[in-house]
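> Quick one, structure for this:
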Amino acid sequence: MTKLNRRILMVILLILIVPILTHLTPKSALRTNLVTSGQIKTAFTADIKYLGKTDDDELAYEITPITKHKQAVHLPDHYLVKKELFYYLAEVWDQMDHLTP
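Just a heads-up that it's a prediction; the model follows:
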């Protein structure tokens, strides 16, 4: 295998492995969501509190403390984490109803 082929293989493996590794647990998926949405400081410094499951068996989390962003009036502080196959996906949660502790 030539040096160029090894580099191409490494790039392909990184493209496949990094997203999987950053979504293996609910908290890591939530922190990855915060980083990709531009809230890098919050992703590394905020506490993540588990709130319970929703009616759809999705995991609810709260981010505390919320750091104020210059351009946003209010940053989302509640997130739902869904399990997809062997990894987790996090999304902003607007409604607090239908929560079972």
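
> Which strand residues bridge residue 52?
Beta-bridge partners for residue 52, by DSSP bridges, are residue 60.

> On the pLDDT front, check the spatially closest residue to residue 61 that is not a sequence neighbour for me.
Closest residue to residue 61 apart from its sequence neighbours, by C-beta to C-beta, 6 or more residues apart in numbering: residue 79 at 5.0 Å. All C-beta spots, glycine's among them, are computed from the backbone N, C-alpha and C. Listed pLDDT for residue 79 reads 90.

> Can you show me the CA trace of stretch 12-25 as CSV?
Provided in CSV are the C-alpha atoms of stretch 12-25 (Å, rounded to 0.1, in the frame of the first residue of the first chain):
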residue,chain,number,x,y,z
ILE,A,12,-11.8,7.9,5.5
LEU,A,13,-11.5,6.1,8.9
LEU,A,14,-11.4,9.4,10.7
ILE,A,15,-14.5,10.6,8.9
LEU,A,16,-16.3,7.5,10.0
ILE,A,17,-14.9,7.0,13.5
VAL,A,18,-15.0,10.6,15.0
PRO,A,19,-18.8,11.0,14.7
ILE,A,20,-19.4,7.6,16.3
LEU,A,21,-17.0,8.3,19.2
THR,A,22,-18.6,11.7,19.9
HIS,A,23,-22.0,10.2,20.1
LEU,A,24,-21.5,7.0,22.2
THR,A,25,-23.1,8.3,25.4
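
> Start the count at 44 instead of 1 going forward.
Done: numbering now begins at 44, and the last item shifts to stretch 55-68.

> rewinding a little: so the residue nearest to residue 104 makes contact with residue 131?
No - Residue 122 is not in contact with residue 131 according to C-beta atoms under 8 Å; the separation is 10.8 Å.

> Taking the centroid of this structure, which residue is nearest it?
Per C-alpha atoms, centre = their mean, the C-alpha nearest to the average position across the chain is that of residue 73, at 2.3 Å.

> who touches it in this structure?
Shown in contact with residue 73 (C-beta atoms under 8 Å, 6 or more residues apart in numbering): 91, 104, 106, 122, 124, 133.
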